[in-house]
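[1] Output the structure for:
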Amino acid sequence: MYSTQEIDAEQLKSMQEEGKCFRLLDVRSIAEIQRGCIQGCEPVPLNILQAKLAELDNNETYILYCHSGARSAQATSFMVSQGYQEAYNLRGGILAWAQLGFDIAALS
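    Modelled structure (predicted):
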């Protein structure tokens, strides 16, 4: 089992505000994503992540999130096992993000 690297919602917000380069992957279902997401996310439901890996550059930084952080922790661990060393789980998921009062956007 590979360990999961994590960041919290405040760290993610700081990274966004500082213009840090990363890709934000939402691994929830499309129905969940349509109810609201974190601005700038790319929808990659957990059930298609493995198929999408061929399209993802393993030299980039990825932050993954789901509803509470459990599915994204699993997805992050999987990505690390496949050679994506800069993959991070958003601890607490979109729930933690929303609890801090950060914006929830419509999928664009």
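[2] The residue positioned nearest the centre of the chain pairs with what?
    Closest to where the C-alpha atoms of the chain average out (Cα atoms, centre = their mean) is residue 64, at 1.6 Å. For residue 64, the beta-bridge partners are residue 25, residue 89 (DSSP bridges).
[3] Hmm, residue 90 and it touching each other?
    Yes: with contact defined as Cβ atoms under 8 Å, residue 64 reaches residue 90; the gap is 6.8 Å. In short, each C-beta sits where N, CA and C put it, glycine included.
[4] can you pull the contacts of the residue nearest to the centre of the chain?
    24, 25, 26, 27, 72, 75, 76, 79, 87, 88, 89, 90 (Cβ atoms under 8 Å, 6 or more residues apart in numbering).
[5] quick check: mean pLDDT across the longest helix along the chain?
    Counting by DSSP state H, the longest helix found in the chain is helix 70-81. For helix 70-81, mean pLDDT rounds to 96.
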